[in-house]
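**Q** Structure, please.
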Amino acid sequence: MQSLRDARVVVTGAGGGIGAALARAFTAEGARVVVNDLDAEAVRKVADEIGAAVVVGDASGIVPAARTALGGGIDIFCANAGVATGGGPEADDAAWELAWDVNVMSHVRAARALLPEWLERGSGRFVSTVSAAGLLTMIGAAPYSVTKHGALAFAEWLSLTYRHRGISVHAVCPQGVRTAMLEAAGPAGDLVLAPNAIEPEEVARAVLDGIAQERFLILPHPEVAGYHAARGAEPERWLRGMNKLQRGYEELRAKAGDQA
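**A** So this is what the prediction gives:
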């Protein structure tokens with residue numbers, strides 16, 4: 001892999017958590033970074049800390065402004081912004097539409113804007129923050145699980161379609177990460193994610209390692225590889241195990257309701 005020094009990098013959802021950690025990690029490697037978030041105050045704090053440029057707003061449409069801020073081109077785009085929409089079929093259409101728009105379509109729109117530049121010069125790198133939920137699932141959060149599967153499918157499609165033309169794609173699939181999103185996950189997060197949660201900086205290190213090794217699938221929690229293999233090899237057994245987790249989740253929710 002070429003050195004990251006002077007690489008032109010965009011990180012969406014960089015106001016905190018994994019995005020902020022990625023921005024810091026790329027900056028430490030000598031990259032020129034643009035940070036993006038809807039939270040203007042939070043992302044400007046990160047930018048001031050690391051000396052990055054800022055593009056505030058919806059991640060779906062920032063490529064032109066980020067390209068300008070970087071002097072005319074983008075080498076690495078980290079599609080990190082995401083929403084953790086919970087519920088199941090009862091969640092309203094607005095919740096499903098938000099999850100689809102942020103977790104999938106923002107990646108599609110970014111790729112649409114980036115590919116002409118990258119294909120013309122024969123290089124470019126797309127880093128998609130997916131989640132282990134994209135390989136497995138997440139109890140209590142159907143919109144999140146379904147759209148993260150979609151994000152993984154889109155990353156796979158980009159990789160198999162354009163890798164011979166110099167485009168590198170990475171799908172980052174952590175489990176629990178100590179961020180505001182985990183704090184908001186409630187009993188499901190406490191049951192499934194919190195016990196083995198890692199720091200955002202560990203995810204960022206895994207991403208840099210994955211880029212250096214040109215690995216499509218980046219697993220900050222290595223055990224996810226085994227879960228994914230079991231899901232494919234023995235789906236009935238895997239579903240029974242996940243249903244056991246679901247029953248534990250329902251018990252936790254019931255206890256929380258009683259205490260309230």
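
**Q** got a list of what the residue most central in space within the chain touches?
**A** Ranked by distance to the mean C-alpha position of the chain (CA atoms, centre = their mean), the top residue is T129 at 1.9 Å. Contacts for T129 (CB atoms under 8 Å, 6 or more residues apart in numbering) come out as G13, I18, G19, C78, A79, N80, G82, V172. Quick note: C-beta positions are derived from backbone N, CA and C, even for glycine.

**Q** Which strand residues bridge it?
**A** Beta-bridge pairing of T129 under DSSP bridges involves V172.

**Q** picking up where we left off before, so which of the contacts of T129 belong to helices?
**A** I18, G19 (DSSP state H).

**Q** Just the buried residues from the contacts of T129, in ChimeraX please.
**A** The following ChimeraX line selects those of the contacts of T129 that are buried, judged by 16 or more other CB atoms under 10 Å:
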select :13,18,19,78,79,80,82,172
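
**Q** can you tell me which of the contacts of T129 lies nearest to R231?
**A** Taking CB to CB as the measure, V172 is the one of the contacts of T129 closest to R231, at 18.6 Å.

**Q** if I read this right, that closest one contacts I218, doesn't it?
**A** Yes. In this structure V172 lies within contact range of I218 using CB atoms under 8 Å: 4.6 Å.

**Q** shared neighbours of the two, anything?
**A** Contacts common to V172 and I218, judged by CB under 8 Å, 6+ apart, are A206, V207, G210.

**Q** now the last one: how far from A7?
**A** According to CB to CB, to the nearest Å, G210 stands 15 Å off from A7.

**Q** now the helices for the stretch 1-150 of the chain?
**A** Assigned by DSSP state H, counting those that start in this stretch, the stretch 1-150 of the chain shows helices spanning 17-28, 40-50, 63-69, 93-100, 106-121, 142-162.

**Q** Columns mean pLDDT and distance to E250 on top of those, output as JSON lines?
**A** Putting the helices of the stretch 1-150 of the chain into JSON lines (pLDDT from 0 to 100; distance: least, CB to CB, whole Å) gives the following:
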{"stretch": "helix 17-28", "mean pLDDT": "96", "distance to E250": "28"}
{"stretch": "helix 40-50", "mean pLDDT": "97", "distance to E250": "35"}
{"stretch": "helix 63-69", "mean pLDDT": "97", "distance to E250": "43"}
{"stretch": "helix 93-100", "mean pLDDT": "97", "distance to E250": "20"}
{"stretch": "helix 106-121", "mean pLDDT": "97", "distance to E250": "32"}
{"stretch": "helix 142-162", "mean pLDDT": "98", "distance to E250": "15"}
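
**Q** Thanks a lot, see you next time.
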